[in-house]
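Enquirer: This is a predicted model, with the sequence first.
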Amino acid sequence: MAQSKRIDDVRQDALALSSRDRLALATELLDSVEASDPEWDAAWARELDRRAAEADAHPEQGIPWPVARAELEAMLSQKP
């Protein structure tokens, strides 16, 4: 199915945003469709439970928040 010119224009505009703004936009867009799908919420709840169990089972594999935050900030500051 061919996408409309409007979608192409919106995509181009979105890709021109900073990485931080693209992330904020992506979050908003996902939130706008996730709220209408109970199966999506259930799948995410199962995934969060799985990740929490994994973290509890292997705490030595985790990264301390200050380290993770510094790494994320460094990655975000390098992207336009």
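Expert: Structure received. Because the structure is predicted, anything quoted here is derived from the model rather than measured.

Enquirer: right, and the helix or strand after the lowest-mean-pLDDT helix or strand in the chain?
Expert: Here the helix or strand of the chain ranked lowest by mean pLDDT, DSSP states H and E is helix 19-34, holding a mean of 86. Using DSSP states H and E, the helix or strand that follows helix 19-34 towards the C-terminus is helix 38-57.

Enquirer: Let me know the next secondary structure element after that next one.
Expert: Using DSSP H and E, the helix or strand that follows helix 38-57 in sequence is helix 65-78.

Enquirer: Relative to the whole chain's centre, how far out is that next one?
Expert: The chain centre lies 15 Å from the centre of helix 65-78; the measure is Cα atoms, centre = their mean, to the nearest Å.

Enquirer: do the same with stretch 24-32
Expert: Relative to the chain's own centre, stretch 24-32 is displaced by 9 Å; criterion: Cα atoms, centre = their mean.

Enquirer: Between helix 38-57 and the least confident helix or strand of the chain, find me the angle.
Expert: Helix 19-34 runs at 120 degrees relative to helix 38-57, counting by axes from the mean of the first three to the mean of the last three Cα atoms, to 10 degrees.

Enquirer: elements contacting helix 19-34?
Expert: helix 5-15, helix 38-57 (3 or more Cβ pairs under 8 Å, 6 or more residues apart in numbering; DSSP states H and E). (Glycine included, C-beta is placed from N, CA and C.)

Enquirer: Would you format the ones you listed as JSON lines with distance to A70, mean neighbour count and mean pLDDT included?
Expert: Listed next are the helices and strands packed on helix 19-34 as JSON lines, based on distance: least, Cβ to Cβ, whole Å; neighbours: other Cβ atoms under 10 Å; pLDDT from 0 to 100:
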{"stretch": "helix 5-15", "distance to A70": "27", "mean neighbour count": "10", "mean pLDDT": "92"}
{"stretch": "helix 38-57", "distance to A70": "20", "mean neighbour count": "10", "mean pLDDT": "90"}
